[in-house]
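> Below is the structure, and that's it, no one-letter string:
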């Protein structure tokens, strides 16, 4: 059984930084795509960033381009999200996801973490 476990969320002031981590365990395989989604209260789950296994393709939602960086360590089956210049509108629960396609739709991802809260104060 595949498990994704996120860590690194917290409370930060606007302009600050956080680094999220997500480790995959339970099954010996390296997903083609690992990525991050977020969900703010009263809003739908939104794609944030994803990266393919070889690192050739990275995809970001426009609102985080230039501020967030996704990276992977395939040896550790871990994906990271470095978040800089955080804004109050980045406040959400951030979810790690893994799947077989480089897509932005949440329904196309097979495995999900439990989520980690990121709160950015003004």
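Received, thanks. Everything numeric in this text was worked out from a predicted model, so none of it was measured.

> The closest residue to residue 36 other than its chain neighbours: neighbouring residues, count only.
With sequence-adjacent residues excluded and distances taken as C-beta to C-beta, 6 or more residues apart in numbering, residue 36 is closest to residue 48, at 4.3 Å. Yep, even glycine has a C-beta here, placed from its N, CA and C like the rest. By other C-beta atoms under 10 Å, 25 other residues sit near residue 48.

> so where do the helices sit in this structure?
Along the chain, counting by DSSP state H, no stretch forms helices.

> what sits opposite the spatially most central residue of it in the beta ladder?
Compute the mean C-alpha point of the chain, and by C-alpha atoms, centre = their mean the closest residue is residue 36, 2.3 Å away. Under the criterion DSSP bridges, residue 36 forms beta bridges with residue 49, residue 96.

> Use 877 as the first number from now on
Noted, 877 is the first residue going forward, which turns the last one into residue 912.

> So it versus residue 904, what's the distance?
Residue 912 sits 23 Å away from residue 904, going by C-beta to C-beta, to the nearest Å.

> Skipping its backbone neighbours, what lies nearest the residue sitting furthest away from the middle of the chain in space?
Distance from the C-alpha centroid of the chain peaks at residue 998, with 22.4 Å (C-alpha atoms, centre = their mean). Closest residue in space to residue 998, ignoring its immediate chain neighbours: residue 964 at 5.0 Å, by C-beta to C-beta, 6+ apart.
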